[in-house]
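Asker: With the sequence up front, the predicted model follows.
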Amino acid sequence: MSKVIGIDLGTTNSCVSVMENGEPIIIPNSEGGRTTPSVVAFTKDGERIVGEAARRQQAVNPDRTILSIKRDMGSDRRIRIDGKAYTPQEISAMILQKLRRDAESYLGGTVTRAVITVPAYFTDAQRQATKDAGRIAGLEVLRIINEPTSAAFAYGLDHGQSQKILVYDLGGGTFDVSLIEIGDGVIEVLATSGDNHLGGDDFDERLVDYIVKEYRQSEKVDLRKDTAALLRVREAAEKAKRELSSQLKADIVLPFLTQDKNGTHHLEIAITRACFDELTHDLVDRTCGPVNQVMNDAGLTMKDLSQVLLVGGSTRIPAVQEMVRRLTGKTPAKTLNPDECVAMGAALQGEKLSAGSGTGMTVSSAAKDVILMDVTPLSLSIETLGGISTKIIDRNTTIPARHSQIFTTAAPFQTSVDIKVLQGERHFARDNKLIGNFRLSGIRRAMAGVPQIEVTFEIDVNGIVKVTAKDLGTGNQQAITISSTSNMSEEEIRRAMDDAKAYEAWDRERKEAVEARNTAESLCFETEQALHKDKTCDKEQKRIIKDQLSALKKALGRTKPDSITKEQAEELTRLSSQLRESAASLHPEP
């Protein structure tokens, strides 16, 4: 039986690993590199090239070169080349095929099985698409596991003590953060969050925008109208970004970049680290939200962390490392190569799966004894009477998971019910994402509330969802496996999380407004009592206090506890502050 390889199928670069002598090792590609660019190109002669060779020729063949296809996984995008439409799965399969061939060359035998990693916030559609890409590439995908979890799996085997680790994974196209607990042979994901549209590509694009803007001002030439020139700028920007991780300045020199009626134009510009940090500070700051989210979800503080683990090439950016250190109060660990640890963890998981499959393969004691426990990133629910979204499985529930709940009919003599499966964190069904629906028929006729309908949600180890509804009276049941076409898109998940956060902020704002009103009412009562008892305050001061008290009472009269606005609350706070300051001079008799 062939060995199982671990594959980190990345947005910018991919990596493959395998277990040898009980340790995960990185398999070099045919060019000798330890990572392979996730780039596919089609030459004008019809040849298909993948990896470093594809990246090298993109400047002269931009329209037939495909980059960052991972961001389109699970979508209906098609790439048309020579009259044929390729899906993201097919393009990804080409990358996986090269990784498989390189592994076969290294191992000297056929490779047919793999564990492939995905971002923690990949949707069901994207996970399914990744599995399909593996199948197209001739691989049996034994498991899809989350990238931060995979990194922690590789990291956790070297440390026997119990610890809580924050895995901060900023790759080429996605950002994930997971809170992992390691101890007693168990790696458990406590919470996970992230942003599926944030990564090193976005940092590159900021540099490109800056260079294009500066060039237009100095040379009066718009590089965005010259595709080949723009690609050279993008390559140079990525190189400069890497240089700025270890240097304070990077010089970009591109001779004969473009030409127009005025002749040939060259480009020469210096980028300082300070300039780069200024251009990208908001991207770095965007990662703070998910970090705080996972800590809140787990009910922990930064002081509870044992380690912070950096994963992904973009974590080499000094501003990112400094932000993580400042936010967590911990110096991030750098014991693992951020480009390679995800693939290494996948290889370890692959060996563990091989050991339990009855293949007769040996497995290292470290991998054999560790149990990996992942979580689902969003809550799953069904729609119930009144449009309520009733949760069956909460987000951050350990998977695999199986939860059941009993429901009943809402109308007399119903013989069927529609089961609407939802994903998201909102209270009403209309505000969440409908990811599947089906009808349960053959329910025994009875008065409303009599039939008992058991709804069961199951999530497997790959995060794939199956929902079953069963009439306990008749035994009739119906089920649905949420397919890739019915699951949430990346943009929809981001929107769902943003909506939940927006409404969280709205609730908090409303609570503060009600508290401002309550405070104002209490102040009015206390001031009236103090005015009545004070015998020393002069008439002018009393007049001022009474005028301010009257103004505050009038403002209170214009508000209602259940509908006070932010502006009204701000006015009450302002008037209360004035009255409190004036009333401080009152000295009621004891």
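Answerer: On my side now, so go ahead.
Asker: For the rest of this, base every contact and every neighbour count on C-alpha atoms.
Answerer: Fine.
Asker: What ranges does the stretch 301-450 of the chain have for its helices?
Answerer: When assigned using DSSP state H, counting those that start in this stretch, the helices of the stretch 301-450 of the chain occupy the ranges 318-328, 341-355, 365-369.
Asker: most tightly surrounded among these?
Answerer: Per residue and on average, the most neighbours among these fall to helix 341-355, with a mean of 28 (mean count of other CA atoms under 10 Å).
Asker: just to revisit the earlier point, just put the helices of the stretch 301-450 of the chain in a markdown table and tack on distance to residue 452 and mean pLDDT.
Answerer: What follows is those, written out as a markdown table (distance: least, CA to CA, whole Å; pLDDT from 0 to 100):
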| stretch | distance to residue 452 | mean pLDDT |
| --- | --- | --- |
| helix 318-328 | 49 | 96 |
| helix 341-355 | 39 | 88 |
| helix 365-369 | 42 | 47 |
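Asker: Pipe these into CSV and attach distance to residue 59 per row.
Answerer: Putting those into CSV (distance: least, CA to CA, whole Å) gives the following:
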stretch, distance to residue 59
helix 318-328, 29
helix 341-355, 29
helix 365-369, 44
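Asker: Quick check: which of these is nearest to residue 576?
Answerer: Of all these, the one in closest proximity to residue 576, counting by CA to CA, is helix 318-328 (35.7 Å).
Asker: of all the helices of the stretch 301-450 of the chain, which lies closest to residue 171?
Answerer: helix 341-355 (10.9 Å).
Asker: Show me what the closest one is packed against.
Answerer: Judged by 3 or more CA pairs under 8 Å, 6 or more residues apart in numbering; DSSP states H and E, the packing partners of helix 341-355 are strand 4-8, strand 13-20, strand 23-26, strand 113-118, strand 140-146, helix 147-156, helix 365-369.
Asker: Mind checking the ones you listed for the one nearest to residue 530?
Answerer: The stretch from those with the least distance to residue 530 (CA to CA) is helix 147-156; that distance is 61.0 Å.
Asker: Past that closest one, which element shows up next along the chain?
Answerer: Under the assignment DSSP states H and E, the closest C-terminal helix or strand after helix 147-156 is strand 163-170.
Asker: export that following strand as CSV, just CAs?
Answerer: This file holds the C-alpha atoms of strand 163-170, laid out as CSV (Å, rounded to 0.1, in the frame of the first residue of the first chain):
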residue,chain,number,x,y,z
GLN,A,163,-1.2,24.1,26.8
LYS,A,164,-3.5,26.4,24.9
ILE,A,165,-2.2,27.6,21.6
LEU,A,166,-3.4,30.4,19.4
VAL,A,167,-2.7,29.5,15.8
TYR,A,168,-2.5,32.7,13.6
ASP,A,169,-2.6,31.7,10.0
LEU,A,170,-2.1,34.4,7.4
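Asker: Just the angle for that strand relative to helix 318-328, thanks.
Answerer: Using axes from the mean of the first three to the mean of the last three CA atoms, to 10 degrees, the direction of strand 163-170 lies 150 degrees away from that of helix 318-328.
Asker: Who are the packing partners of strand 163-170?
Answerer: Counting by 3+ CA pairs under 8 Å, 6+ apart, strand 163-170 packs on helix 147-156, strand 175-183, strand 307-311.
Asker: so how far is the second one off the chain centroid?
Answerer: For strand 175-183, the distance from its own C-alpha centre to the chain's C-alpha centre is 13 Å (CA atoms, centre = their mean, to the nearest Å).
Asker: One more: the first one?
Answerer: On the basis of CA atoms, centre = their mean, the separation between the geometric centre of helix 147-156 and that of its chain is 16 Å.
Asker: And stretch 186-204, by the same measure?
Answerer: That offset, for stretch 186-204, works out to 5 Å (CA atoms, centre = their mean).
Asker: Stretch 49-66 too?
Answerer: Averaging C-alpha coordinates over stretch 49-66 and over its chain gives two centres that are 29 Å apart (CA atoms, centre = their mean).
Asker: Repeat that for stretch 234-254.
Answerer: Using CA atoms, centre = their mean, the offset of stretch 234-254 from its chain centre is 27 Å.
Asker: right, and the helices of the stretch 301-450 of the chain - which one's nearest residue 310?
Answerer: helix 318-328 (8.3 Å).
Asker: Packing partners of the closest one?
Answerer: With contacts taken as 3+ CA pairs under 8 Å, 6+ apart, helix 318-328 sits against helix 273-286.
Asker: I'd say residue 174 and residue 202 touch.
Answerer: No: here residue 174 does not reach residue 202: they are 9.7 Å apart, not a contact under CA atoms under 8 Å.
Asker: remind me which residues of the stretch 1-150 of the chain are low pLDDT?
Answerer: Across the stretch 1-150 of the chain, residues meeting the criterion (pLDDT under 70) sit at 1.
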